[in-house]
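# okay, sequence plus prediction incoming.
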Amino acid sequence: MEQNQNFVEAQMLIRKPASEVFNAFCDPEQTKHFWFTKGSGRLEKGATVTWTWEMYDVSAEVIVRDIVADKLIQIEWGDPATTVEFNFQEMGEDKTYVIIRNYGFPQQGDDLLREIKDSTGGFTTVLDGLKAYLEHGINLNLIADKYPG
């Protein structure tokens, strides 16, 4: 990530091992419990998958640029595309600090501020849902309830 680039960052401590937290993002059968409702495949380096939020009738094509097991997932998504990095930092055997960074926004001015606000809120909600799901086995439906129809 370039030094002077605009970016979004959200973070959360998850009381589970890094391998479990990492896998929750890679495996759409787990991710659907805290983020999107359907994923076309597992995240693997070089793969292109589709994530769908059925309640909003919205899908996103996701290109997996890099994967380092239990440490990093780097994707591109959106139109225009931005980069998202999911960093997993082990903090002992049963704790993982997750940092999500989203950058490469082409917008400027008020459009950039709106995009940063939306992304910050979105990724914070994802991490809140991840924590509830992995630590307590609860699907809080946070994404669906964020913008009820």
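In hand now; what should we look at? Numbers count the residues shown, from 1 in each chain.
# now for the protein, the helix or strand with the poorest mean pLDDT.
Every helix and strand of the chain was ranked by mean pLDDT, DSSP states H and E. The lowest is helix 142-146, at a mean of 91.
# give me the three-state assignment for the residue nearest to P80 when sequence neighbours are not counted.
If the residues on either side of it in the chain are set aside, P80 comes closest to P106, at 5.1 Å by Cβ to Cβ, 6 or more residues apart in numbering. The way it works is simple: take the backbone N, C-alpha and C, and place the C-beta from them, glycine included. What DSSP: H, G, I helix; E, B strand; the rest coil gives for P106 is coil.
# just use 76 as the starting number from now, easier for me
Yep, numbering from 76; the last one is P181 now.
# burial count for P181?
P181 has 11 neighbouring residues, counting by other Cβ atoms under 10 Å.
# helices or strands up against the least confident helix or strand of the chain?
Counting contacts by 3 or more Cβ pairs under 8 Å, 6 or more residues apart in numbering; DSSP states H and E, helix 217-221 packs against helix 184-211.
# buried residues in the helix it packs on, which are they?
If you call a residue buried by 16 or more other Cβ atoms under 10 Å, then helix 184-211 has these buried ones: 190-191, 194-195, 197-202, 204-209.
# only the buried residues of the least confident helix or strand of the chain, if you could.
L217, I218.
# now for the buried residues of helix 184-211: which two are most distant?
Using Cβ to Cβ, the two most remote members of the buried residues of helix 184-211 are E190 and L209, lying 28.2 Å apart.
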